[in-house]
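Trainee: what's the 3D shape of this:
(one chain, ligands or ions: 2)
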Amino acid sequence: MSTAFIEFRGVTKAFSGKPVLRGMSLAVDKGEVMFIIGTSGVGKSVTIKHLIGLLRIDEGEIWFDGARVDQLPERALAPLRKRIGMVFQSSTLFDSMTLAENVALPLRKHGKLSHNDALAEARERLAQVYMAEYADRYPAELSDGMRKRAAIARTLALSPEVVLFDEPTTGLDPVSARRVDRLIRELADKLGMTAIVVSHDPPSIFGVADRVAFLYRGVVHVVATPAELRASPDPVVQQFITGRSKGPMETPGF
Ligand SMILES: Nc1ncnc2c1ncn2[C@@H]1O[C@H](COP(=O)(O)OP(=O)(O)OP(=O)(O)O)[C@@H](O)[C@H]1O
Ligand SMILES: [Mg+2]
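Mentor: Numbering: from 1, shown residues only. Ligands and ions are numbered 1, 2, ... in the order given. Below is the predicted model of the structure:
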């Protein structure tokens, strides 16, 4: 059993014999905004993909709302993914559909709305991410930042209880980035949504996170509030948050 809302317990994962996760554990509370940070290639995206069965763990356990989810059969994953939405690192919008049609798609499919009702709802969801005026544009006509915001609107369309954000502000201008930050904070504060956010973006990490999990060498090295992280005497943590190239930290591939 797990009493945490979301819990990774002793998770290991290797690709072609090369270990990525080596017994990582992390508990996330309901309504919390938990950030996962760490160097490129350390296993941040892999970690969150495990939660919705996009990748399978080798050993360990993953719990969500009192149930084990790491061994669910394929047919049980659709209901899980309705409760836990994911905004991917790169945009996954359909190029042949307008933004409104993209956001309406899950509403028609899972929300069982009519075509017109789904489109009306989609426009409201796009307004939530400041994209109302672009509802009738195609993804190819937009900037990366606009596509990212539309992808967030699509994930939020089904009102998931948990949203996994994989680098939601990477590549955005500072104004758009802070808007995304504010949206994540509001989702948690006003709707009680739980968020797990993978990020490299210091203003997001220090401005939005309730707690931060620092992934290093295949385990969660530290879990701390942003203030605790800043004050941490740990040399690896300090090297990461100050962005120094020299220090104890090794980066895979460098
Ligand atoms: N489907 C896969 N097949 C094989 N190897 C994979 C797969 N997915 C991830 N990996 C490997 O697992 C390691 C961790 O990848 P992951 O995508 O989680 O990194 P990350 O921490 O999200 O990095 P970044 O900050 O660059 O996005 C990398 O070495 C990557 O090559
Ligand atoms: Mg990644």
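Trainee: give me the neighbour count for the closest residue in space to residue 42 that isn't next to it in sequence.
Mentor: Leaving out its chain neighbours, the residue that sits closest to residue 42 by Cβ to Cβ, 6 or more residues apart in numbering is residue 215, at 5.0 Å. From N, CA and C alone the C-beta is placed, and that goes for glycine too. When neighbours are defined as other Cβ atoms under 10 Å, residue 215 has 23 of them.
Trainee: who touches residue 215 in this structure?
Mentor: Counting by Cβ atoms under 8 Å, 6 or more residues apart in numbering, residue 215 makes contact with 24, 36, 37, 38, 42, 43, 44, 47, 221.
Trainee: so it: helix, strand or coil?
Mentor: Per DSSP: H, G, I helix; E, B strand; the rest coil, the local secondary structure of residue 215 is strand.
Trainee: report the buried residues of stretch 64-73.
Mentor: Using 16 or more other Cβ atoms under 10 Å as the test for burial, stretch 64-73 gives 64, 65, 69, 70, 72.
Trainee: got the contact list for that stretch?
Mentor: Here stretch 64-73 makes contact (Cβ under 8 Å, 6+ apart) with 1-2, 5-6, 11, 50-51, 53, 56-57, 60-63, 80, 83-84, 161-162.
Trainee: which PyMOL command selects the buried ones in those residues?
Mentor: The PyMOL command for the buried members of the contacts of stretch 64-73 (criterion: 16+ other Cβ under 10 Å) is given here:
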select buried, resi 2+5+6+11+50+51+53+57+60+61+62+63+80+84+161+162
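Trainee: which ones among the contacts of stretch 64-73 map onto strands?
Mentor: 6, 11, 60, 61, 62, 63, 84, 162 (DSSP state E).
Trainee: what's near enough to touch the third one?
Mentor: For residue 60, the set of contacting residues under the criterion of Cβ under 8 Å, 6+ apart consists of 8, 9, 10, 11, 12, 23, 24, 25, 70.
Trainee: then residue 217?
Mentor: 22, 42.
Trainee: tell me which element residue 148 is part of?
Mentor: If you go by DSSP states H and E, residue 148 is part of helix 144-156.
Trainee: so which elements touch that helix?
Mentor: strand 84-87, helix 99-109, helix 115-128, strand 162-166, helix 174-191 (3 or more Cβ pairs under 8 Å, 6 or more residues apart in numbering; DSSP states H and E).
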